[in-house]
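Asks: the sequence and its predicted three-dimensional model are supplied below.
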Amino acid sequence: MFEKGIALNCQTIQDLLNGYADGELDLVNHLQIEEHLRDCSSCALVYENQKALKSAFADDSFYFQAPADLQNRIRQMLRESNPETSRATGKWRWRLIPALAALAVIVVLIVLLIRPGSTNDELVANEIVSDHIRSMMPNHLTDVLSSDNHTVKPWFNSKLDFAPPVVDLAANGFPLVGGRLDYAASRPVAALVFGRRQHVINLFVFPSTGNSDIANQISARQGYNLIHWSKAGMTFWAVSDLNLNELQEFVQGIQNNA
Amino acid sequence: MRLCESESSHLPRNKAANFEETILPHLDAAYNLARWLTRDGTDAEDVVQEAYLRAFKFFDGFNGGNSRSWILKIVRNTCYSWLQKNRDHEPTTEFDEGQHSVEVRDQEAVLIGNIDTQMLKRLLDELPSEFREIVILRELEGMSYKEIAGIADLPLGTVMSRLARARAKLHTGLTTCLKRELH
């Protein structure tokens, strides 16, 4: 950086003084500055000030010691975040694993045995709600528009491999609007459309996969109420934005007339 | 299978022991840095605890190099995220290049002699944190420019210029106080 014999610029020297004071300069620069400081009093003064500042920091009061209990707290924290630290719990842990695994298997089996197809029902419920919402879009509600159950039933018979029970509940205040073919639970299903004031009820009907009857199961999704049941080999899903009481009344009517 | 199990149950225990051996001894350095950056004892303890928990989580990634630099880097980062979350009005860089060069020339004027420790502490506290941290690491931890550059994620040149500016600022503060006392 410096050529020997050339007078060194004081500003350049002072820029390097930090590195000099910190012992961060290479040997050549270090010696150059040492030489300059012997001859130049103003640079020497700056250096004296630097040294004074540096030695002031040597005072113990600048250094904050960690509080005595901080180390213990950190040790404790590490132990808690790392449960394997304790030998005893570690051993117990490994012994518990087969037992926990067995317990998990049992729980899964119980759930599967007690609630057959419960996850499947979830999927179907989602499909039913989607079908219901789609049926509300213009010109999607009915394929056969008729309040006459004797028109709707034969129409279904020609389209499906099963005969959905078609009833008219006009007397109960739920007039039949019509029927529609839809798709749910991986198969074509019958969708019977009923009205109640300005509300629409979709009743989805298709053959059950199991033999057992299922009592009314009530759920709600995206603001729609759903009632699901199985009877005599048929599965029913009633879905509507109607309040639950009236939907239950509707389901009661269907079950009494079917 | 049995062998795997017994090994994996031993590994974490070694990890904890290794961590306590290599990282815990730097607790004072960690606390000192956190204390200077947060300017508060209780906050510093919180930050250090959080930093040590983080450090333990990432300890697998520690390659066995400079353990003090490694933990101080984590403490520093934890400090800044803590400050960002808990203190809205933390002052940032205040002095610019122009101001700085004036200060350097001013240094020629006075010999400051004996330095009032309390005054210097106050001046250091008032430095913006990006300058304060470099003074702490250099003067209190005695770290090299290169180590500081690693901890603060800065180019070496920036470390040098920030250190020069910080010292100039401290010097100016001290001389201003001295002059005030003389009058």
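Replies: Thanks, I have it.

Asks: can you give me the helices for the chain?
Replies: In the absence of a named chain, this looks at chain A. If DSSP state H is used as the criterion, the helices of chain A fall at A:10-21, A:27-39, A:41-56, A:68-81, A:87-114, A:118-135, A:149-159, A:244-257.

Asks: not what I meant, chain B
Replies: Going by DSSP H, chain B shows helices at B:2-22, B:27-38, B:41-57, B:67-86, B:97-106, B:117-126, B:129-135, B:145-152, B:156-182.

Asks: nearest to chain B: which residue in the stretch 101-250 of chain A?
Replies: A:A101 (13.4 Å; Cβ to the nearest Cβ). (Each C-beta comes from the backbone N, C-alpha and C, glycine too.)

Asks: what about that residue, distance to A:L109?
Replies: 13 Å (Cβ to Cβ, to the nearest Å).

Asks: what residue ranges in the chain score low on pLDDT?
Replies: Picking chain A for this. For chain A, applying pLDDT under 70 flags the ranges A:1-8, A:82-95, A:111-119.

Asks: the chain in question should be chain B.
Replies: By pLDDT under 70, the weakly predicted segments of chain B are B:1-13, B:88-110.

Asks: one more pass at 80, please.
Replies: B:1-14, B:87-114, B:177-183 (pLDDT under 80).

Asks: rewinding a little: report the contact partners of the residue of the stretch 101-250 of chain A closest to chain B.
Replies: By Cβ atoms under 8 Å, 6 or more residues apart in numbering or on different chains, no residues touch A:A101.

Asks: next: B:R132.
Replies: B:R132 makes contact with B:W36, B:L37, B:L124, B:D125, B:A166 under the criterion Cβ under 8 Å, 6+ apart.

Asks: and the two most separated of those?
Replies: The span of those, defined through Cβ to Cβ, is set by B:L37 and B:A166 at 14.0 Å.

Asks: quick one: which of the two has more around it?
Replies: Neighbour count, other Cβ atoms under 10 Å in any protein chain shown: between B:L37 and B:A166, B:A166 has more, with 26 against 23.

Asks: what sits closest to that one if chain neighbours are left out?
Replies: Counting by Cβ to Cβ, 6 or more residues apart in numbering or on different chains, B:A166 lies nearest to B:F131, which is 4.0 Å off, once chain neighbours are set aside.

Asks: and the one you found, how far from chain A?
Replies: 13 Å (Cβ to the nearest Cβ, to the nearest Å).

Asks: so that residue is in contact with B:K169, correct?
Replies: Yes - judged on Cβ atoms under 8 Å, B:F131 makes contact with B:K169 at a distance of 7.1 Å.

Asks: name the nearest residue to B:A164, sequence neighbours excluded.
Replies: With sequence-adjacent residues excluded and distances taken as Cβ to Cβ, 6+ apart, B:A164 is closest to A:N18, at 4.9 Å.

Asks: ok, that neighbour - contacts?
Replies: Neighbouring residues of A:N18 by Cβ under 8 Å, 6+ apart: A:E24, A:Q50, B:M160, B:L163, B:A164, B:R167.

Asks: same question, A:Q50
Replies: Counted by Cβ under 8 Å, 6+ apart, A:Q50 has contacts A:L17, A:N18, A:A21, B:R167.

Asks: with A:E249 instead?
Replies: Contact partners of A:E249, counting by Cβ under 8 Å, 6+ apart, are A:N172.

Asks: roughly how far does it sit from A:V239?
Replies: From A:E249 across to A:V239, the span is 15 Å (Cβ to Cβ).

Asks: before we move on, what about A:E80?
Replies: Distance, A:E80 to A:V239, using Cβ to Cβ: 50 Å.

Asks: of the helices of chain B, which approaches A:H36 most closely?
Replies: Among the helices of chain B, the nearest to A:H36 by Cβ to Cβ is helix B:97-106 (16.4 Å).

Asks: which one of the contacts of B:R132 is nearest to A:V46?
Replies: The nearest member of the contacts of B:R132 to A:V46, counting by Cβ to Cβ, is B:A166 at 15.4 Å.

Asks: surely that closest one is in contact with B:L127?
Replies: Yes - using Cβ under 8 Å, B:A166 is in contact with B:L127, at 5.9 Å.

Asks: give me the common contacts of these two.
Replies: Joint contacts of B:A166 and B:L127 (Cβ under 8 Å, 6+ apart) are B:V135.
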